[in-house]
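In: Compute the structure for the input listed below.
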Amino acid sequence: MPNPRFRSCIPAVALMVLACSSETGTPDKEDDGTGQGTGGASTSGGASSTGGAMTTSGADVSASSGGGATGESTGGASSTGGGGMGTGGAESPMGNPSPGCGKQGRPANGTVKVDNDHIYTFPDSYDGNTPFPLLVGFHACGNPIDQFINLTRGSAFETEYVRAVGRSSDSGGCWNYNNDIAKVLQIHDDIMNNYCIDVDRVFATGHSSGAQMIVQILAHRSDAEHLNFRAVAPVAASDYGALQVPMPVMYIQGKNDTVRGGDGASTVARFRTANMCQMSSTPYSEVMGCQSSGKTVNPGCVSYSGCSEPTIWCSHDDPAYSNTSHGVPCFAIQAMYDFFTGMP
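Out: Purely as a prediction, here's the structure:
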């Protein structure tokens, strides 16, 4: 059944899905190193916040590019930037249990892995009966399947969330919507039917090609409603046309992302439209700065006004990813955790 949360909040705007490279079965252009202009409507989100007190907990997550035509790297998956996260008690027993609750306890070593297909990880406190929130991670093109397992290692995501990551079907590791959406849906159904998940607290993040996959999911109503994400945090995605559902979002992209050729303004505009936001925004100082590549990073986050769902844009200046500003910035994992865990 479609989620009634979506039906009640659809904005009264004309919705049109634009053609894109991954819709026609070819890898996303933005991951071939050529970049694309942001295009579309620009936003007023340029006002950046100071991010509050700076910390040194966020290790540089930049990758040594290793070149290649993709502009992505296989080396940038690991990070210690998630350290020091709060213990917000996300695994509340008051969650909405999935059909898998009560079927089995914690898997051996807390991990379920099928090589080159998917990995699930389960916190030490997972018992198979208490619904846990779920973090779904989509790797970047050319990055390993466990990119977001590594990025969230040592963070509260590891101790409070079940984590699920899949592997794209493309030999180069780029997500292709037409080829990969069936696998994404299958992974979702498998973990819901066989493990204990809070069906109302399923969150998604992805980097580059993985972030593009999230945006494309939201541009397809039936798939978006099936996966029923409570909120998303894409990092360096692209504009694939009108989003078909309202969605709480923390959108993250470097303000000088040389792979994307812009700051993601047109993608942010799609979220702003779907969430019926005003053009005005205010600094979002809840996201703190961090240290990366020997500099203090300004997250540059703003929150849009009058939205039906929280809509945050972090236009940062972290040079991560071989000075392309295309990487997962040092503040991102902490910021995502705070954003997701704060969802009512």
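
In: do you know how far the nearest residue to Thr267 once chain neighbours are set aside is from Leu135?
Out: In space, and not counting its chain neighbours, Thr267 is closest to Asp239: 4.7 Å by C-beta to C-beta, 6 or more residues apart in numbering. In this view, the C-beta of every residue, glycine as well, is placed from N, C-alpha and C. Going from Asp239 to Leu135 by C-beta to C-beta, to the nearest Å gives 25 Å.

In: Also Glu160?
Out: Taken as C-beta to C-beta, the spacing of Glu160 relative to Leu135 amounts to 9 Å.

In: Tell me the secondary structure at the residue nearest to Thr267.
Out: Classification of Asp239 by DSSP: H, G, I helix; E, B strand; the rest coil places it in coil.

In: Same check on Ser169?
Out: Assignment for Ser169 (three-state DSSP): coil.

In: quick one: contacts for it?
Out: Contacts for Ser169 (C-beta atoms under 8 Å, 6 or more residues apart in numbering) come out as Asn176, Asn179, Asp180, Lys183.

In: Identify the residue spatially nearest to the residue nearest to the spatial centre of the chain, adjacent ones excluded.
Out: By C-alpha atoms, centre = their mean, the mean C-alpha position of the chain lies nearest to Thr205, the distance being 1.7 Å. Among residues not flanking Thr205 along the chain, Ala233 sits closest, at 4.5 Å (C-beta to C-beta, 6+ apart).

In: The one you found - how many residues pack around it?
Out: Here the number of neighbours of Ala233 (other C-beta atoms under 10 Å) works out to 25.

In: can I assume it is in contact with Gln253?
Out: No - the criterion here is C-beta atoms under 8 Å, and Ala233 misses it with Gln253 at 11.2 Å.

In: need the strands for the stretch 101-250 of the chain, in chain order.
Out: With DSSP state E, counting those that start in this stretch as the criterion, the stretch 101-250 of the chain has strands at 111-114, 118-121, 132-138, 162-166, 197-207, 231-235, 249-254.

In: Of all those strands, which one is nearest Ala219?
Out: strand 231-235 (12.3 Å; C-beta to C-beta).
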